[in-house]
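Participant: Kindly generate the corresponding structure for this input.
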Amino acid sequence: MTATPVKTRFAPSPTGRLHLGNLRTALLNCLLARHHGGGFLLRVEDSDLARNKADGVANLQADLRWLGLTWDEGPGSGQPASDWQQSARGAIHDQAVDQLLDNGLAYPCFCSAERLQSLRAEQKKAGLPPRYDGHCAGIPADVAAARLAAGESASIRLRMPGDGTIGFDDLVRGRQTFSVEALSDPVIRRADGSAAFLLANAVDDAQMGITHVIRGEDHLSNTPRQIVLLESLGLEAPGYGHVGLVVNTDGTPLSKRTGAAGVDELARQGYRPEAVINYLARLGGSIPTDELHSLEALAAMFTVRGLNRGPARFDRAQLDHWQTKAMAHLTTDELGDAAASAGVPADLQVSFTALVHPNLKTLADVDDWARRLCDSGAEVLDPAATPAEDLALIIEASPAFFLAARDALDACSTSDWATVRPALEAATGTRGGRLMKPLRLALTGLGYGPTIGEIIEFMPAATRRARLAHAAELATTGVPPNA
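Facilitator: Numbers count the residues shown, from 1 in each chain. Sure, this is the predicted structure:
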């Protein structure tokens with residue numbers, strides 16, 4: 001793409017846990033860098049001190065590391081904070097503002113918040129887009145300096161060109177052109193002296209050697225202003241690519257305010273990092289396979305041209321699809337460790353994991369299956385928690401059914417399903433679903449999972465006996481479905 005080594009960045013603010021929209025931005029920039037053997041920077045944009053969280057930077061690192069993303073520069077890399085922390089770069093940002101002021105490319109704006117609010121209201125009433133009207137742009141420099149010296153508060157605005165167009169080649173959207181007339185002079189330093197996003201973000205990109213930036217389309221209108229700003233400073237702009245935003249199923253932007261799942265929540269729900277990575281890599285992208293891939297393999301296949309410019313709709317079913325694939329790739333050691341932690345006896349762990357693995361949605365499910373299959377004291381048919389239709393099926397089967405099944409299993413010298421099945425059919429006078437469904441419910445409390453034959457072959461005889469006796473008791477009491 002360029003002779004210059006590729007360097008990308010992810011630049012979040014430490015205001016909360018990352019959600020899927022943030023993670024996708026981080027992943028796309030990481031994949032682009034890794035595809036070209038380049039560098040990936042984690043930059044913390046923390047200049048809005050009022051919104052920062054005390055543990056914000058630590059949480060950002062934890063979220064990215066959980067996903068498996070690593071950075072070459074940033075927190076924890078041994079570099080000074082001024083190399084990656086925006087709030088430590090105030091002197092650099094001030095120097096850029098001073099350079100623009102000295103060259104007449106920026107000016108103090110003394111407009112009050114009330115005047116600006118009134119201006120926006122008038123423009124809205126007239127059906128016009130909100131834009132600064134240049135009220136302070138013509139104030140002579142000596143007059144502005146005198147007002148500042150007298151203690152008057154002012155922000156600093158970038159002086160945009162008077163006419164014409166600004167264009168750039170978007171990495172995702174192709175050629176983009178903006179009329180200067182539609183771009184008002186943006187604030188680059190707030191009245192409190194802090195650098196505004198527009199300046200800090202652009203200057204840091206240029207000075208940190210960022211070559212490519214993939215970000216959401218909500219930043220598209222910032223790009224022509226940042227290009228003008230960097231040109232005014234004699235700095236080189238990176239290549240910008242703007243992707244469609246991640247949206248909810250109703251089309252609203254995905255955000256923590258609208259209930260978007262944070263990384264910490266996904267981890268608590270048992271989602272695997274590799275499932276999230278594979279889902280996000282394909283969300284609004286064009287990874288060509290339906291196979292679960294490592295981060296390295298995804299990077300090898302990644303192409304900016306494959307990114308979509310339209311909204312990327314979050315689909316929980318698709319995330320679950322990749323979770324299923326990730327669970328299928330669990331190693332024997334991972335499953336064994338989970339089974340041991342769940343209290344499965346050592347001599348049963350291999351057969352247990354083989355039995356339940358195809359039915360696991362998360363590793364947390366191992367605990368539940370261990371309780372259902374290995375804990376003889378567990379009450380898997382709790383009337384208060386069992387679905388009404390399942391209770392109705394237990395009652396319909398009758399106490400005699402479960403007691404006959406218990407006695408038939410006790411009489412068999414083996415748990416082999418080929419031998420046990422005919423005995424159960426003969427003892428209960430049922431077969432097919434009328435045999436399998438109530439038996440499955442009685443033994444596990446669930447209507448799905450391993451086959452009933454596999455369950456009977458695995459489950460200790462004492463546990464089977466206790467479960468069937470409990471089901472008979474439940475059927476005897478005649479607990480109504482709506483109890």
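
Participant: and residue 428, what does it touch?
Facilitator: 401, 404-405, 408, 435 (CB atoms under 8 Å, 6 or more residues apart in numbering). In short, each C-beta sits where N, CA and C put it, glycine included.

Participant: and those residues, which of them are in helices?
Facilitator: 401, 404-405, 408, 435 (DSSP state H).

Participant: returning to what we had before: most neighbours among the contacts of residue 428, which one?
Facilitator: residue 405 (27 neighbours; other CB atoms under 10 Å).

Participant: wait, isn't that one in contact with residue 427?
Facilitator: Yes: look at residue 405 against residue 427 with CB atoms under 8 Å: they come within range, at 6.5 Å.

Participant: Mind pulling up the pLDDT for residue 292?
Facilitator: In this model, residue 292 is scored at 97, pLDDT.

Participant: Leaving out chain neighbours, which residue sits closest to it?
Facilitator: residue 325 (4.4 Å; CB to CB, 6 or more residues apart in numbering).

Participant: Against which helices or strands is the host helix or strand of the one you found packed?
Facilitator: According to DSSP states H and E, residue 325 maps onto helix 316-328. Contacts defined by 3 or more CB pairs under 8 Å, 6 or more residues apart in numbering; DSSP states H and E place helix 316-328 against helix 273-282.

Participant: just the CA coordinates of the helix it packs on, formatted as PDB?
Facilitator: Output of helix 273-282 as PDB, limited to C-alpha atoms (Å, rounded to 0.1, in the frame of the first residue of the first chain):
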ATOM      1  CA  PRO A 273     -12.500 -14.400  22.900                       C
ATOM      2  CA  GLU A 274     -12.000 -16.300  19.600                       C
ATOM      3  CA  ALA A 275     -15.700 -16.300  19.000                       C
ATOM      4  CA  VAL A 276     -15.900 -12.500  19.400                       C
ATOM      5  CA  ILE A 277     -12.900 -11.900  17.200                       C
ATOM      6  CA  ASN A 278     -14.300 -14.100  14.400                       C
ATOM      7  CA  TYR A 279     -17.700 -12.400  14.600                       C
ATOM      8  CA  LEU A 280     -16.300  -8.900  14.600                       C
ATOM      9  CA  ALA A 281     -13.900  -9.600  11.800                       C
ATOM     10  CA  ARG A 282     -16.900 -10.500   9.600                       C
END
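
Participant: for whichever helix or strand comes after that helix, packing partners?
Facilitator: Note on helix 273-282: by DSSP H and E, the next helix or strand toward the C-terminus is helix 295-301. Under the contact definition 3+ CB pairs under 8 Å, 6+ apart, helix 295-301 sits against helix 20-35, helix 273-282.

Participant: any idea of the mean pLDDT in the shortest one?
Facilitator: Read that as helix 273-282. Confidence over helix 273-282, taken as the mean pLDDT, stands at 96.

Participant: Report the inter-axis angle for it versus helix 20-35.
Facilitator: Computed by axes from the mean of the first three to the mean of the last three CA atoms, to 10 degrees, the angle separating helix 273-282 from helix 20-35 equals 80 degrees.

Participant: coming back round to it: enumerate the positions of the helix holding residue 325 that are buried.
Facilitator: 319, 322-323, 325-327 (16 or more other CB atoms under 10 Å).

Participant: Next: stretch 226-235.
Facilitator: Applying 16+ other CB under 10 Å to stretch 226-235 flags 226-230, 232-233 as buried.

Participant: measure stretch 262-275 end to end?
Facilitator: Start-to-end span of stretch 262-275 (CA to CA, to the nearest Å) is 15 Å.

Participant: got a list of contacts for that stretch?
Facilitator: Counting by CB under 8 Å, 6+ apart, 16-19, 23, 59, 62-63, 66-68, 256, 261, 276, 292, 294, 319, 322-323, 325-327, 329, 361-365 sit against stretch 262-275.

Participant: ChimeraX command for the buried members of the residues you listed?
Facilitator: Only the buried entries of the contacts of stretch 262-275 go into this ChimeraX selection, using 16+ other CB under 10 Å:
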select :16,17,18,19,23,59,62,63,66,67,256,261,276,292,319,322,323,325,326,327,362,363,365
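
Participant: can you pull the contacts of residue 348?
Facilitator: 374, 458.

Participant: so what pLDDT did it get?
Facilitator: 94.

Participant: go on, residue 479?
Facilitator: pLDDT at residue 479 comes out at 55.

Participant: one step back: can you add distance to residue 374 and give the helices and strands packed on helix 295-301 back as TSV?
Facilitator: TSV is the format used below for the helices and strands packed on helix 295-301 (distance: least, CB to CB, whole Å):
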stretch	distance to residue 374
helix 20-35	36
helix 273-282	27
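
Participant: Doesn't residue 144 belong to a helix?
Facilitator: Yes: Residue 144: assigned to a helix according to DSSP: H, G, I helix; E, B strand; the rest coil.

Participant: Test my guess that it contacts residue 107.
Facilitator: Yes: between residue 144 and residue 107 a contact is recorded at 6.7 Å, counting by CB under 8 Å.

Participant: out of these two, which sits in the more crowded spot?
Facilitator: Between residue 144 and residue 107, residue 107 has the larger neighbour count (other CB under 10 Å), namely 23 against 18.

Participant: Would you check how far apart that one and residue 188 are?
Facilitator: Going from residue 107 to residue 188 by CB to CB, to the nearest Å gives 10 Å.

Participant: shared neighbours of these two, which are they?
Facilitator: 156-157.

Participant: Residue 308 and residue 244 touch, don't they?
Facilitator: Yes: under the criterion of CB under 8 Å, residue 308 makes contact with residue 244 at 5.9 Å.

Participant: Mutual contacts of these two, please.
Facilitator: Common neighbours of residue 308 and residue 244 (CB under 8 Å, 6+ apart) are residue 284.

Participant: and the two? which has more neighbours close in?
Facilitator: Taking other CB under 10 Å, residue 308 and residue 244 do not tie; residue 244 has more neighbours (19 against 13).

Participant: isn't the more buried one right up against residue 217?
Facilitator: Yes: taking CB under 8 Å as the definition, residue 244 is a contact partner of residue 217 at 5.8 Å.
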